[in-house]
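>>> no sequence for this one, just the structure:
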């Protein structure tokens with residue numbers, strides 16, 4: 001049985017190594033495979049997946065929202081979020097979309113008890129974070145490059161907006177391998193030790209964004225824990241469909 005990951009650039013991804021290690025753990029999974037598929041666009045995604053015989057796949061940057069146009073049905077959570085990171089290819093040939101990012105994110109926040117958040121980014125991953133925070137009753141504001149998608153842009157964000165947030169979640173690919181020298185344009189001197197910085201990126205382990213937080217005494221977390229938990233949730237969905 002084959003599964004996979006689609007995205008535009010996948011050199012940073014640990015998903016293949018993670019799932020192949022999982023498949024080696026039990027004898028009945030030894031024939032399973034997890035493959036990577038880089039696509040410049042989604043125009044022929046259904047053909048590409050069909051040719052590979054995948055029974056399920058994950059979706060990453062920048063296709064978590066645009067993949068919706070190719071799906072036949074959506075889980076209620078995915079529909080509410082407006083983004084998908086897990087797809088089941090049904091026995092009937094229909095594609096069923098789910099979102100496990102919000103679960104992975106929410107489950108890693110068990111040690112955080114604040115009430116306000118600032119979300120950097122407005123793409124598919126950011127939408128999952130918004131959904132998770134909303135379910136926890138956390139108020140949030142959004143910083144986006146597009147004025148119509150957020151409360152502020154990076155040029156209109158001010159120090160007081162940083163200071164008002166208990167949690168700051170970095171949901172963009174800025175600072176991802178191999179461009180680790182990049183970081184979001186923020187007034188970092190406004191950070192303080194009372195704040196929690198969360199970067200969804202897991203490679204590098206410490207991004208420039210997190211490094212700035214550490215310099216100012218913030219609690220920091222990268223996206224590795226979220227990666228594992230969302231992957232486990234994806235696996236549970238696939239198993240339910242093919243067990």
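Perfect, thanks for sending it. Everything quoted here is computed from the prediction, not taken from an experiment.

>>> residue 131 - that's part of a strand, no?
No. Going by DSSP: H, G, I helix; E, B strand; the rest coil, the assignment for residue 131 is helix, not a strand.

>>> that one and residue 101, how far apart?
To residue 101, residue 131 is 9 Å away according to CB to CB, to the nearest Å. Where you see a C-beta, it was placed from the backbone N, CA and C, and this is true even at glycine.

>>> who has more neighbours out of those two?
The neighbour comparison of residue 131 against residue 101 (other CB atoms under 10 Å) goes to residue 101, with 36 against 22.

>>> dump the residue contacts of residue 45.
Contact analysis of residue 45 by CB atoms under 8 Å, 6 or more residues apart in numbering lists 6, 39, 67, 70.

>>> look at the closest residue to the second one other than its chain neighbours and give its secondary structure.
It refers to residue 39. Ranked by CB to CB, 6 or more residues apart in numbering and with sequence neighbours excluded, the top spatial neighbour of residue 39 is residue 6, at 5.8 Å. Secondary structure for residue 6, judged by three-state DSSP, is strand.

>>> so residue 6 bridges to which residues?
Beta-bridge pairing of residue 6 under DSSP bridges involves residue 37, residue 59.

>>> and it, how far from residue 45?
Taking CB to CB as the measure, residue 6 and residue 45 are separated by 7 Å.

>>> same thing with residue 237?
Taking CB to CB, one finds residue 237 at 19 Å from residue 45.

>>> what's the longest helix seen in the chain packed up against?
For the chain, the longest helix by residue count, based on DSSP state H, is helix 224-242. On a contact count with 3 or more CB pairs under 8 Å, 6 or more residues apart in numbering; DSSP states H and E, helix 224-242 meets helix 15-23, strand 54-59, strand 86-89, helix 101-107.

>>> any chance you could map the strands in this protein?
Along the chain, counting by DSSP state E, strands occupy 2-7, 33-38, 54-59, 73-74, 86-89, 95-98, 116-120, 139-143, 167-170, 196-199, 219-221.

>>> strand partners of the shortest one, parallel vs antiparallel please.
This means strand 73-74. Strand 73-74 pairs in its sheet with strand 95-98 (parallel), by DSSP bridges.

>>> just to revisit the earlier point, overlap in contacts of residue 6 and residue 45?
Here residue 6 and residue 45 share the contacting residues 39, 67, scored by CB under 8 Å, 6+ apart.

>>> ok, back up a step: determine which two of the contacts of residue 45 are furthest apart.
Spanning the widest gap among the contacts of residue 45 are 39 and 70, at 11.5 Å by CB to CB.

>>> residue 65: neighbour count?
By other CB under 10 Å, neighbour count at residue 65 equals 16.

>>> report the separation between it and residue 125.
10 Å.

>>> list the residues that contact both of these two?
Both residue 65 and residue 125 are in contact with residue 83, where contact means CB under 8 Å, 6+ apart.

>>> how's this structure carved up into domains?
What automatic domain parsing lists as the domains of the chain is 2-99+230-242, 109-222.

>>> need these in CSV with mean pLDDT, can you?
Formatted as CSV, the domains of the chain follow (pLDDT from 0 to 100):
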stretch, mean pLDDT
domain 2-99+230-242, 96
domain 109-222, 97
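
>>> with that, I have no additional questions.
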